[in-house]
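# Provided below for reference: sequence and predicted model.
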Amino acid sequence: VQLVESGGGLVQPGGSLRLSCVASGFTFDDYAMNWVRQAPGKGLEWVSVITWNGDIAYWTESIKGRFTISRDNAKNTLYLQMNSLKSEDTAVYYCVKHIWTRTLIGGFGSWGQGTQVTVSS
């Protein structure tokens, strides 16, 4: 299993970024996928999840209306569109594969290496 995130960087408050995660080594469209973040000096925070077919997504309240999770199963790629970014969104963002196939039960499996997002003026 390999998960490779990209798209992070430095952005001003109110700006946008799109994160990507290219997956390999497993059948991508059999697994729900997550974004998880870790702000400096803080613990891990789950951000969003999308089902294996992309039909259903859930997200944490703090990013509601600003971030959108999506996936392109033909490209084995997971995305996180982040708009109206705030300083408190500064974190390392991880792409995380769900542990079991075709279910949201069971929690996290494999993790990517993360991509840094810094929101600052």
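Thanks, I have the structure now.

# ok, the residue nearest to D72 when sequence neighbours are not counted - contacts?
Using CB to CB, 6 or more residues apart in numbering and skipping residues adjacent in sequence, the residue nearest D72 is Y79, 7.4 Å away. (C-beta placed from N, C-alpha, C; glycine too.) Residues near Y79 by CB atoms under 8 Å, 6 or more residues apart in numbering: 18-21, 69-72.

# likewise A91?
A91 neighbours (CB under 8 Å, 6+ apart): 37-40, 42, 45, 116-117.

# try 6 Å
37-39 (CB atoms under 6 Å, 6 or more residues apart in numbering).

# how about these in JSON lines, adding distance to I99, neighbour count and secondary structure?
Converted to JSON lines, these look like this (distance: CB to CB, whole Å; neighbours: other CB atoms under 10 Å; DSSP: H, G, I helix; E, B strand; the rest coil):
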{"residue": "R37", "distance to I99": "19", "neighbour count": "22", "secondary structure": "strand"}
{"residue": "Q38", "distance to I99": "19", "neighbour count": "14", "secondary structure": "strand"}
{"residue": "A39", "distance to I99": "24", "neighbour count": "15", "secondary structure": "coil"}
